[in-house]
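Student: sharing a sequence plus its predicted fold:
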Amino acid sequence: MKKYDVIVIGGGAGGLTVAAGAASLGAKVALIEKNSELGGDCLHYGCVPSKAFITAAKEVHETFKSAKKFGLKVEGTAPLEHAMNRVKEAISIIQEHDSKERFKQLGIDLFEGKGYLKTTTQVQINKEKTIEGKRIVLATGSRPNIPPIDGLLEAGFLTNETLFEVKKAPKRLLVIGGGPIGLEMAQSFARFGSEVTIMEGNSTIFSKEDEEIVPIVLTELQKEMTFRFNVSIKKVEKKENEKIVTFEQNGKIEELIFDEILLSAGRKPNTDGLGLEEVGVTLKHGYAVVNEYLQTNVPTIYAVGDVNGQFQFTHAAGMEGKVVVRNAVFGIKGKVKYDHVPWVTYTDPEVFHLGLTEREAKETHGDNIRVFKVDVKNVDRFVSDRDAVGLLKVITNEKGTILGAHAVGKNAGDWMQEITFAKAQGHKIGDISNVIHPYPTHGAIIQQAADQYWREKLFNGWVPKVAETYIKWFR
Ligand SMILES: Cc1cc2nc3c(=O)[nH]c(=O)nc-3n(C[C@H](O)[C@H](O)[C@H](O)COP(=O)(O)OP(=O)(O)OC[C@H]3O[C@@H](n4cnc5c(N)ncnc54)[C@H](O)[C@@H]3O)c2cc1C
Ligand SMILES: NC(=O)c1ccc[n+]([C@@H]2O[C@H](COP(=O)([O-])OP(=O)(O)OC[C@H]3O[C@@H](n4cnc5c(N)ncnc54)[C@H](O)[C@@H]3O)[C@@H](O)[C@H]2O)c1
């Protein structure tokens, strides 16, 4: 039986980081992937195709908007096929980074097939070959959650795994679930001409976001699609090409007809059929439970990425992968820290999230917090670009240490990155005031928040008193 230092099961964002990191540091690594290509969900059915689709849709939207502004005439509906071709092109270009050749050149043994844990150190591939590893890293990701709605399976639906194969935008599209997948894709389909309805079980969208950010983005999204909140979908019936959806909202039963359904109702971990329970790994709601070292209760088995149910983002999987390389390969006990993990929802306008919301900061720090807000209307570049919808919020403690930062606005994901750096490096909000921001950039909004901190200090602290005395004396 072939022996390895590390066996990685799953060749997505998390697994590839562990495999490449461990191999480049000299460990003997086996990587098992059930699909014919590496890259996982992010590359094939997630971040990459969705962002290519979003950009194509944004271009179509901007074309109509700009034409109207300039009194030009643009007619018709953009063909969805062009966008889907772009999606394929993006995948194939980025696929080269994750090519099998690249990983083989790092000395990694690649196995195509399904991994199954025979023991706490042995993995069987496709019930044929068995290999042994000192450490095993689970990086098997997640898949769409399919809620038990009567008739849904029979009526058929799209998920993130099938939506990028669609050739023509459905006329009436129902999106079940108003999380990031649903919202990003709903807006894109709307921009290709679909009449989109989002049905959400909760009373709002963006439930993890700061409460002042949510109404701003919701108001913008409502201009392009219809939202139904507090909905319980009872059944779906297919009649010829139509899907009849019966649902309850505010105690009232209603029926609506759609041409297609997109399911974006959360994720399920890929832990079934892996033999985890048999070797004693503890699961919670199907996710592999890990400690702060990303180790399961079985000391030889670690878990990174979506499968451990912590932060379901590519950059979080990558960060966790690096922690596991240290812990599983070198035995240096490094703890995983999520305090500085930001995320962005790529709706238009975008929503950026880092750290505590104002409500969470109040819960943990009481009244000893400061909140600095800048409306994008007060930032010249947003005004001159006519993109003056949005808000920045930075939440600090009394001393100016950044606890959280949140923003909604055009390309917020890009211009907010500076604050992630500041927070991660332990810089205080006031430090940003000394950073020169070229005029007129969108990023200058962060400097404006930092300037507020100093203004508050100057006008409320000991400085004005000293200054007053000094000026009197000086005269
Ligand atoms: C539509 C969509 C958009 C998204 N957009 C973003 C975004 O913009 N930014 C962001 O940060 N995140 C985004 N995400 C989330 C991101 O895709 C995931 O968090 C990320 O892919 C998780 O990486 P992973 O390595 O845990 O899992 P994956 O990338 O899913 O990789 C798991 C791999 O394991 C393989 N596998 C599973 N079981 C086995 C087995 N038994 N044996 C062998 N191989 C197996 C799978 O085939 C897969 O290749 C998006 C997700 C979706 C669905
Ligand atoms: N931009 C990004 O970084 C990005 C983009 C897409 C996805 N992701 C990642 O993927 C994860 C999964 O995204 P998601 O949108 O599928 O999941 P989600 O869990 O974030 O949201 C699912 C939504 O569906 C609702 N829902 C569930 N069942 C329902 C039902 N039967 N009827 C009506 N509503 C229902 C839930 O209340 C929830 O609001 C995200 O949490 C995120 O970590 C990230």
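Tutor: The structure has been received and is ready for your questions. Ligands and ions are numbered 1, 2, ... in the order given.

Student: switch to C-alpha atoms for all contacts and neighbour counts from now on
Tutor: Will do.

Student: number of residues surrounding the residue of the stretch 351-475 of the chain found nearest ligand 2?
Tutor: Evaluated by CA to the nearest ligand atom, the stretch 351-475 of the chain has residue 351 as its residue closest to ligand 2, separated by 8.9 Å. Residues near residue 351, counting by other CA atoms under 10 Å, number 26.

Student: list the buried residues for stretch 277-289?
Tutor: Of the residues in stretch 277-289, those buried under the neighbour-count criterion (16 or more other CA atoms under 10 Å) are 281, 283, 287, 288, 289.

Student: identify the farthest-apart pair in the residues you listed.
Tutor: Using CA to CA, the two most remote members of the buried residues of stretch 277-289 are 281 and 287, lying 10.1 Å apart.

Student: got the residues of this structure near ligand 1?
Tutor: When proximity is defined by CA under 6 Å from any ligand atom, the chain lies next to ligand 1 at 9-15, 32-35, 39-42, 45-47, 50, 113-115, 139-142, 160, 181, 270, 274, 305-307, 312-315, 317.

Student: restricted to helices, list these.
Tutor: When the residues of the chain next to ligand 1 are checked against helices using DSSP state H, the ones located there are 13, 14, 15, 40, 41, 42, 47, 50, 181, 314, 315, 317.

Student: do you know how far the residue most central in space within the chain is from residue 101?
Tutor: Nearest to the mean C-alpha position of the chain, counting by CA atoms, centre = their mean, stands residue 313 at 4.8 Å. Distance, residue 313 to residue 101, using CA to CA, to the nearest Å: 25 Å.

Student: and whichever strand or helix holds residue 450, what does it pack onto?
Tutor: Assigned by DSSP states H and E, residue 450 belongs to helix 444-460. Packed against helix 444-460 by the contact rule (3 or more CA pairs under 8 Å, 6 or more residues apart in numbering; DSSP states H and E) you find strand 369-375, strand 391-397, helix 429-433.

Student: run the chain-centre distance for the second one.
Tutor: Which is strand 391-397. How far strand 391-397 lies from its chain's middle: 21 Å, per CA atoms, centre = their mean, to the nearest Å.

Student: which residues sit against that strand?
Tutor: Applying CA atoms under 8 Å, 6 or more residues apart in numbering, the contact partners of strand 391-397 are 213, 356-358, 361, 365, 368-376, 402-409, 429, 445-446, 449.

Student: so what strands line up beside the helix or strand that it is followed by?
Tutor: The C-terminal neighbour of strand 391-397 among helices and strands, as given by DSSP H and E, is strand 402-409. Paired strands of strand 402-409, with direction, are strand 350-355 (antiparallel), strand 391-397 (antiparallel) (DSSP bridges).

Student: what about the one helix or strand residue 237 maps to, distance to the chain center?
Tutor: For residue 237, the host element (DSSP H and E) is strand 231-239. For strand 231-239, the distance between its averaged C-alpha position and the chain's averaged C-alpha position is 28 Å (CA atoms, centre = their mean).

Student: now do the following helix or strand past that strand, average pLDDT.
Tutor: Moving toward the C-terminus from strand 231-239, the first helix or strand encountered (DSSP H and E) is strand 242-249. Confidence over strand 242-249, taken as the mean pLDDT, stands at 98.

Student: strand 242-249 vs ligand 2: in contact?
Tutor: No: contact between strand 242-249 and ligand 2 is absent, the nearest approach being 9.4 Å (criterion: CA under 6 Å from any ligand atom).

Student: contacts for stretch 441-458, please.
Tutor: Where contact means CA under 8 Å, 6+ apart, the residues beyond stretch 441-458 that reach it are 372-374, 376, 379, 381-382, 392-394, 400, 415-416, 419, 429-433, 435, 437-438, 463-464.

Student: mark out where each domain of this structure begins and ends.
Tutor: Per the record, the chain has its domains at 3-143+268-330, 152-266, 349-459, by automatic domain parsing.

Student: turn those into a markdown table, including distance to residue 337.
Tutor: Compiled in a markdown table, those are given as follows (distance: least, CA to CA, whole Å):
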| stretch | distance to residue 337 |
| --- | --- |
| domain 3-143+268-330 | 8 |
| domain 152-266 | 19 |
| domain 349-459 | 11 |
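
Student: thinking again about what came up before, can you pick out the most distant pair from the ones in helices among the residues of the chain next to ligand 1?
Tutor: Taking CA to CA, no two of those sit farther apart than 15 and 181, at 22.3 Å.

Student: who's more crowded, these two?
Tutor: Under the neighbour definition other CA under 10 Å, residue 15 and residue 181 were set side by side, and residue 15 has more, 32 against 23.

Student: could I get the full set of helices for the stretch 51-200 of the chain?
Tutor: 80-95, 100-105, 152-155, 180-191 (DSSP state H, counting those that start in this stretch).

Student: need the winner for burial among these.
Tutor: Using mean count of other CA atoms under 10 Å, the stretch among the helices of the stretch 51-200 of the chain with the largest mean neighbour count is helix 180-191, at a mean of 23.

Student: what does that helix rub up against?
Tutor: Outside helix 180-191, the residues touching it (CA under 8 Å, 6+ apart) are 50, 53-54, 57-58, 60-61, 160, 169, 175-176, 196, 198, 206, 221, 224-225, 262-265, 345-347.

Student: now list the buried members of those residues.
Tutor: Buried residues within the contacts of helix 180-191, defined by neighbour count using 16+ other CA under 10 Å: 50, 53-54, 57-58, 60-61, 160, 169, 175-176, 196, 198, 206, 221, 224-225, 262-265, 345-347.

Student: name the helix or strand for the residue lying closest to residue 246 once chain neighbours are set aside, please.
Tutor: With sequence-adjacent residues excluded and distances taken as CA to CA, 6 or more residues apart in numbering, residue 246 is closest to residue 255, at 4.4 Å. Assigned by DSSP H and E, residue 255 belongs to strand 252-258.

Student: so what secondary structure elements neighbour that strand?
Tutor: Strand 252-258 sits against strand 172-176, strand 242-249, with contacts defined as 3+ CA pairs under 8 Å, 6+ apart.

Student: one more pass at 6 Å, please.
Tutor: Using 3 or more CA pairs under 6 Å, 6 or more residues apart in numbering; DSSP states H and E, the elements in contact with strand 252-258 are strand 242-249.

Student: ok, and what's touching the strand it packs on?
Tutor: Taking CA atoms under 6 Å, 6 or more residues apart in numbering as the criterion, the residues outside strand 242-249 that touch it are 231-237, 253-259.

Student: one more: stretch 369-385?
Tutor: Stretch 369-385 is touched from outside by 388, 390-398, 440-442, 449, with contacts defined as CA under 6 Å, 6+ apart.

Student: same check, this time on stretch 49-65
Tutor: Residues outside stretch 49-65 that contact it (CA under 6 Å, 6+ apart) are 83, 87, 188, 191.

Student: closest to residue 340 out of those?
Tutor: Distance from residue 340 was checked for each of the contacts of stretch 49-65 by CA to CA. The minimum falls on residue 188, at 29.3 Å.

Student: and the strands in the stretch 1-150 of the chain?
Tutor: Ranges of strands within the stretch 1-150 of the chain are 3-9, 29-33, 109-112, 115-117, 122-125, 129-138, 142-144, based on DSSP state E, counting those that start in this stretch.
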